[in-house]
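K.L.:
Have a look at this prediction, sequence included:
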Amino acid sequence: MCSVTKEQIYDELRKIIDPEVGFNLVEMGLIYGVDIDDDCNVKITMTLSTKACPLHQMITQWVEDAPKKIDEIKEVEVNVVWEPEWNISMAEDNVKAALGSL
Amino acid sequence: MFNISKDFAPPFKMIEPFFKFGSIVYLISILALLFINSSGSIEDLTVVGWAHLFLLGFVMVTIFGAMAQLIPVALEVGHFSVDLYYVIFPTLSIGTILMVIGFWFMPFLLPYGGLLVLVSMVVFLYETLMTLKATTSNTLTVKCIKVGNSFLTVAIAIGFLMALAIANGIGVNLGKFLPIHIILVLIGYVTITVIGLSIILLPMFGLSHGFDDRYINLAFKILTYSVITFSILKLVGLDFVSNFALISIAIGIGYYFKQLLILYKTRGRKNHDIWYKHIYVAFISLIVSTAFLLIWLFSGNDAFLKSGVWLFAIGFIAFVINGHLIKIIPFLVWFERFSSLVGKQKVPMLHEMLPDRDVNFSFWLSLSGLVAAAFGLLISSDSLFKGGVSLLSFGAIFMVITVIYILNFKPEDVKDV
């Protein structure tokens, strides 16, 4: 049984900042889900704010690396999806307020 | 879904000269306006020389530099041979300088400059065409790149013929080919390229989602058929009928503007940063210039033609390019110098790499200059035009300072932001 919690994974993902908007991926609402199996393998489902994001590969690499900073984590799989399409309503209120969308 | 890997991205040292040269030529082209009488016509070689300095040295050089970076993003494939951009930059920049000197002082240089520009464009078109062959994508952006580059091919062939005619007096009807050349370049290449890139860049920077994109597709089709129709009608001498193609171009731009309003309404990022301000000016200028050109078409009042062309060239093209330079260059510098430092040390956000004071000076001085000079042209006041150009010159100086500041931004500067 893996003792790592989803919240620990989210905490690591919160350290990844999108340099264009200046917010972390979790508060942007770009992380759709985190699953941890009994062997401490992690599967992260996420999206990006645009399909044309030039940092696509770099950001998914950061997401893959982030949970590995927790010792017990073994494999990390990142699944980038485009459905549902991201929109600003998925972001946390502080992001919406900062972007003038609240 | 696609990945833009670091392998697809061209080396920073390859793109940097395009943006440096482009922004310096922008400044020089604005300063040059101080020595050009605003009563000059489009057939005046001083004006023609200025147009080539601005369009080749600033617009084309900057677009080509941006294309080196954006084509992999837009087409979802790597470049056929990105190293060809090492050929494109020197041939285009030296060719432009020779052509401008040719127009202004030494006509015998025109064919040499023209030939170098032709070589640079042919290499650019070859690289783009071969890259296009590898893509399976058929988005609006891909269509715009295909059509825009086809128009550019015809435009440069006509341009080269005209350069030969001016230098060596070969029998080419300049009065017939000049309007075709202008429409092919300004609408066929520049505007259609802007349309193709804007459907990627505007939603990306403005965080627009779930919008109806039928109007931009309609605008693309109307502009494409209008440019073809205009060129054919002019070629066969049906000058009056070709005016209907110009009206059709205005309708196409109207549909594009409708799309811009939809993107504006659906944007997630509602705070107005300096990029937004540039974009507002650019697209308002586009619609006002279109209105002015229609008024000219129906009234024959040349003041509206000049003011409309001015708003199109400086208000639309220069503002849309400069607005995107201050988004794209920080990204390129960040990607080159900071992406590998993520997680190891503090890295800047992209907006922190902008010198706020300088970029704001640039915007407000340029906007004031744009409006003053447009009024100057409208009321045929050369003094007001020159006053506007003076303000614009200071704006251009601050733009160059901004570009150089971003290009020189180093990891050790992070602590200062």
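P.N.:
Yep, that arrived. Predicted, not measured: the structure shown is a model, and the values here were computed from it. Numbering: from 1, shown residues only, chains lettered A, B, ... in the order given.
K.L.:
Could I get the buried residue list for stretch B:148-167?
P.N.:
For stretch B:148-167, a neighbour-count test (16 or more other Cβ atoms under 10 Å in any protein chain shown) marks B:148-156, B:158-160, B:162-167 as buried. For glycine as for every other residue, the C-beta is placed from the backbone atoms N, C-alpha and C.
K.L.:
swap in stretch B:118-136?
P.N.:
Buried residues in stretch B:118-136 (16+ other Cβ under 10 Å): B:Leu118, B:Ser120, B:Met121, B:Val123, B:Phe124, B:Glu127, B:Thr128, B:Thr131, B:Leu132, B:Thr135.
K.L.:
Okay, and which of the buried residues of stretch B:148-167 map to helices?
P.N.:
If you go by DSSP state H, those have B:148-156, B:158-160, B:162-167 in helices.
K.L.:
Could I get the average pLDDT for stretch B:73-93?
P.N.:
For stretch B:73-93, the mean per-residue pLDDT is 89.
K.L.:
Also stretch A:70-89?
P.N.:
Here the average pLDDT along stretch A:70-89 is 91.
K.L.:
what does chain A have sitting close to chain B?
P.N.:
Residues of chain A lying close to chain B by Cβ under 8 Å from any Cβ of the partner chain are A:15, A:17, A:19-22, A:49-58, A:60, A:62, A:65, A:80, A:82, A:85-88, A:91, A:98-101.
K.L.:
From chain A, how far off is B:Met14?
P.N.:
Using Cβ to the nearest Cβ, to the nearest Å, one gets 16 Å for the distance from B:Met14 to chain A.
K.L.:
Helix or strand for that residue, just tell me which one.
P.N.:
Assigned by DSSP states H and E, B:Met14 belongs to helix B:12-33.
K.L.:
Quick check: buried residues in that helix?
P.N.:
So for helix B:12-33, counting by 16+ other Cβ under 10 Å, buried means B:14-30, B:32-33.
K.L.:
could you give the angle of the next helix or strand after it to helix B:12-33?
P.N.:
Of the helices and strands lying after helix B:12-33 in sequence (DSSP H and E), the nearest is helix B:45-52. Computed by axes from the mean of the first three to the mean of the last three Cα atoms, to 10 degrees, the angle separating helix B:45-52 from helix B:12-33 equals 150 degrees.
K.L.:
any residues touching helix B:45-52, and which ones?
P.N.:
For helix B:45-52, the surrounding residues in contact (Cβ atoms under 8 Å, 6 or more residues apart in numbering or on different chains) are B:29, B:32-33, B:36, B:40-42, B:96, B:99-100, B:102-104, B:166.
K.L.:
Dump the C-alpha coordinates for stretch B:156-168 into PDB.
P.N.:
Written as PDB, here are the backbone C-alpha positions of stretch B:156-168 (Å, rounded to 0.1, in the frame of the first residue of the first chain):
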ATOM      1  CA  ILE B 156       8.400  39.100 -55.700                       C
ATOM      2  CA  ALA B 157       8.500  38.000 -59.300                       C
ATOM      3  CA  ILE B 158       6.600  41.200 -60.300                       C
ATOM      4  CA  GLY B 159       8.700  43.300 -57.900                       C
ATOM      5  CA  PHE B 160      12.000  42.000 -59.500                       C
ATOM      6  CA  LEU B 161      10.700  42.800 -63.000                       C
ATOM      7  CA  MET B 162       9.800  46.300 -61.800                       C
ATOM      8  CA  ALA B 163      13.300  46.700 -60.300                       C
ATOM      9  CA  LEU B 164      14.800  45.700 -63.600                       C
ATOM     10  CA  ALA B 165      12.500  48.200 -65.400                       C
ATOM     11  CA  ILE B 166      13.500  51.100 -63.100                       C
ATOM     12  CA  ALA B 167      17.300  50.300 -63.400                       C
ATOM     13  CA  ASN B 168      17.600  49.300 -67.000                       C
END
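K.L.:
ok, and the closest non-adjacent residue to the most centrally placed residue in chain A?
P.N.:
Central residue of chain A (Cα atoms, centre = their mean): A:Ile31, 3.8 Å from the mean position. Nearest residue to A:Ile31 in three dimensions, chain neighbours excluded: A:Met46, at 5.0 Å (Cβ to Cβ, 6 or more residues apart in numbering or on different chains).
K.L.:
How many neighbouring residues does that neighbour have?
P.N.:
21 (other Cβ atoms under 10 Å in any protein chain shown).
K.L.:
I'd assumed A:Leu30 was in contact with it.
P.N.:
Yes - with contact defined as Cβ atoms under 8 Å, A:Met46 counts as touching A:Leu30 (5.5 Å).
K.L.:
before we move on, back to that, can you give me every residue that contacts the residue nearest to A:Ile31?
P.N.:
A:Leu25, A:Leu30, A:Ile31, A:Tyr32, A:Thr60, A:Val63, A:Val78, A:Asn79, A:Val80, A:Val81.
K.L.:
what's the answer for B:Ile222, then?
P.N.:
Counted by Cβ under 8 Å, 6+ apart, B:Ile222 has contacts B:Ser248, B:Ile249, B:Ile251, B:Gly252, B:Tyr255.
K.L.:
where exactly do the helices run in the stretch 51-200 of chain B?
P.N.:
With DSSP state H, counting those that start in this stretch, the ranges of helices along the stretch 51-200 of chain B come out as B:61-75, B:85-104, B:110-134, B:140-168, B:174-183, B:192-206.
K.L.:
and B:Trp364, which of the ones you listed is closest to it?
P.N.:
Checking the helices of the stretch 51-200 of chain B against B:Trp364 by Cβ to Cβ gives helix B:192-206 as the closest, at 20.7 Å.
K.L.:
on contacts alone, who are the packing partners of the closest one?
P.N.:
The helices and strands touching helix B:192-206, judged by 3 or more Cβ pairs under 8 Å, 6 or more residues apart in numbering or on different chains; DSSP states H and E, are helix B:61-75, helix B:140-168, helix B:214-235, helix B:239-265, helix B:274-299, helix B:319-337.
K.L.:
element containing A:Ile44?
P.N.:
Applying DSSP H and E as the criterion places A:Ile44 in strand A:42-46.
K.L.:
Quick one: residues contacting the closest residue to B:Gly114 other than its chain neighbours.
P.N.:
For B:Gly114, ignoring the flanking residues on the chain, the nearest one in space by Cβ to Cβ, 6+ apart is B:Ala163 at 3.6 Å. For B:Ala163, the contact set (Cβ under 8 Å, 6+ apart) comprises B:Met99, B:Gly102, B:Leu110, B:Pro111, B:Gly113, B:Gly114.
K.L.:
Mind picking the two most distant members of these?
P.N.:
B:Met99 and B:Pro111 (9.4 Å).
K.L.:
any idea which of the contacts of A:Met46 has the most stuff around it?
P.N.:
A:Leu25 (24 neighbours).
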